[in-house]
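**Student:** Return atomic coordinates for the entry below.
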Amino acid sequence: CPDWSPVLSGIALSWLMCLGAPHAEFSGDPGLHQFVSKNKEFAIRIKADLLVLNGLVVSICWESCFNQIQAGLQTYSGYLSHIHQILTTYADKVLNVQLDISNLSHNIQQQMEESSLTSVVYPQAENEPRFVEVQREIGSYLVLCKLQKFMDMIFRALRHCST
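**Tutor:** Coordinates of the predicted model:
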């Protein structure tokens with residue numbers, strides 16, 4: 001087993017010597033003190049400006065995010081009313097999903113109003129999705145799959161906004 005004591009004592013001695021070296025800001029040079037103090041003030045002002053900007057960006061981000069969520073929920077709600085007619089064996093489950101989406105949309109709308117965020121109201125979709133008869137069920141399942149992915153994105157977005 002090698003003897004590490006000379007190496008360790010050398011490291012400890014150099015560390016102690018570094019502690020004894022004067023720091024530049026304590027040198028007594030008035031020009032250096034003025035330079036340091038101006039830069040500290042400048043850094044503090046920049047930090048305060050950034051905090052204000054971050055607050056604005058978050059507010060705008062929330063507005064945009066919530067408006068996109070609202071638009072997506074409204075679109076899927078329209079699709080679900082048609083899917084309800086196509087997938088008759090799952091009509092109850094589709095209706096429950098449609099009601100849940102409607103409730104989520106309503107809750108987001110309320111939160112936006114309470115937070116004084118500007119909300120965009122999109123017109124209701126009037127056209128039924130154009131599925132060829134053979135593809136109606138397949139298209140319905142694809143829409144439901146995309147709805148699930150959209151709901152996952154909503155969950156992540158809401159979790160991000162809450163932090």
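**Student:** any idea of the mean pLDDT in the host helix or strand of residue 158?
**Tutor:** Counting by DSSP states H and E, the element that carries residue 158 is helix 136-162. For helix 136-162, the mean pLDDT works out to 81.
**Student:** Okay, buried residues for it please.
**Tutor:** Buried residues in helix 136-162, defined by neighbour count with 16 or more other CB atoms under 10 Å: 136, 139-140, 143-144, 147, 150-151, 154, 157. C-beta here means a position set from N, CA and C on the backbone, and glycine is covered the same way.
**Student:** By mean pLDDT, flag the weakest helix or strand of the protein.
**Tutor:** Every helix and strand of the chain was ranked by mean pLDDT, DSSP states H and E. The lowest is helix 5-20, at a mean of 65.
**Student:** that older thread, now do the helix holding residue 158: which elements does it pack against?
**Tutor:** helix 30-86 (3 or more CB pairs under 8 Å, 6 or more residues apart in numbering; DSSP states H and E).
**Student:** so the helix or strand that comes right after the helix it packs on versus helix 136-162, what angle?
**Tutor:** As assigned by DSSP H and E, the chain's next helix or strand after helix 30-86 is helix 91-114. Between helix 91-114 and helix 136-162, the angle comes out at 30 degrees (axes from the mean of the first three to the mean of the last three CA atoms, to 10 degrees).
**Student:** helices and strands around helix 91-114, which ones?
**Tutor:** Using 3+ CB pairs under 8 Å, 6+ apart: helix 91-114 touches helix 30-86.
**Student:** go again using 10 Å as the cut-off
**Tutor:** Applying 3 or more CB pairs under 10 Å, 6 or more residues apart in numbering; DSSP states H and E, one finds that helix 91-114 makes contact with helix 30-86, helix 136-162.
**Student:** residue contacts, residue 97?
**Tutor:** Residue 97 is in contact with 76-77, 80, 83-84, 90, 144, 147-148, 151, counting by CB atoms under 10 Å, 6 or more residues apart in numbering.
**Student:** for this protein, which spans come out with low pLDDT?
**Tutor:** Residue ranges of the chain with pLDDT under 70: 1-10, 12-33, 35-36, 38-39, 42-43, 46-47, 49-61, 119-135, 162-163.
**Student:** Go again with 80.
**Tutor:** Scanning the chain for pLDDT under 80 picks out the ranges 1-64, 112, 114-139, 158-163.
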